[in-house]
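Novice: Predicted coordinates and the sequence they were generated for:
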Amino acid sequence: MRGGLNEVFLRECKEKLLRMKGDILNRVRDMRMEFETTDKSGGDEADQTMSVIRESEYFTSQERMHTQLLEIEIALARIEKGVYGICEETEEPIEFERLRALPWTRVSIEGAEIRESVKKRFAR
C-alpha cells in the first residue's frame, strides 16, 4: 500500500485516469477537425457574429480540456511517485470517495477548504 491506498484501488484510479485522458484527447481531436472544416468566411453580419461566438467557445473548451489533461497527467505522475492520495495542503490521506469521484484531485476536502479560505482572503 502506498499513501494508505491498496494496489487494487490505485490500479482502478490509474485505469480511470487513462480512460479519461483518452476520451479528452479524442474530443480535442474531433473538435479541432470540426473547427478546421467550418467555413469562417463570408456571410452577413449575423453569420460573422455566430462564427466569432463559435470560435470563442472552441478556444474556451480547448483550454478547459487542456487544464483537465494537465491535472490527469499530474495524478498519473503522483501514482508513479507513490504520493497519489496524499493531500498537498494537509499531507493527510485524501478521502477514498473523493478520489473515486475526482481521481485527479490533489487535495482532501479539508485541503480544498483551506485553499478556498486563502483564495478568499487574498481576493480582497
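Specialist: Great, that's in hand. The model shown is predicted, which means the values in this text are computed figures rather than measured ones.
Novice: The nearest residue to residue 75 once chain neighbours are set aside: how many residues sit nearby?
Specialist: Nearest residue to residue 75 in three dimensions, chain neighbours excluded: residue 104, at 4.3 Å (C-beta to C-beta, 6 or more residues apart in numbering). From N, CA and C alone the C-beta is placed, and that goes for glycine too. Neighbours of residue 104 under the rule other C-beta atoms under 10 Å: 20.
Novice: cool, and residue 106?
Specialist: 20.
Novice: That one and residue 90: what is the separation?
Specialist: 11 Å (C-beta to C-beta, to the nearest Å).
Novice: which residue is nearest the middle of the chain?
Specialist: Nearest to the geometric centre of the chain sits residue 68, at 2.1 Å (C-alpha atoms, centre = their mean).
Novice: Can you get me a residue count around residue 95?
Specialist: Residue 95 sits with 15 neighbouring residues when counted by other C-beta under 10 Å.
Novice: which residues does it contact?
Specialist: For residue 95, the contact set (C-beta atoms under 8 Å, 6 or more residues apart in numbering) comprises 108-109.
Novice: Residue 9: what's it in contact with?
Specialist: Here residue 9 is in contact with 96, 99 (C-beta under 8 Å, 6+ apart).
Novice: Okay, and residue 8 sits in which element?
Specialist: helix 7-37 (DSSP states H and E).
Novice: Good, wrapping up.
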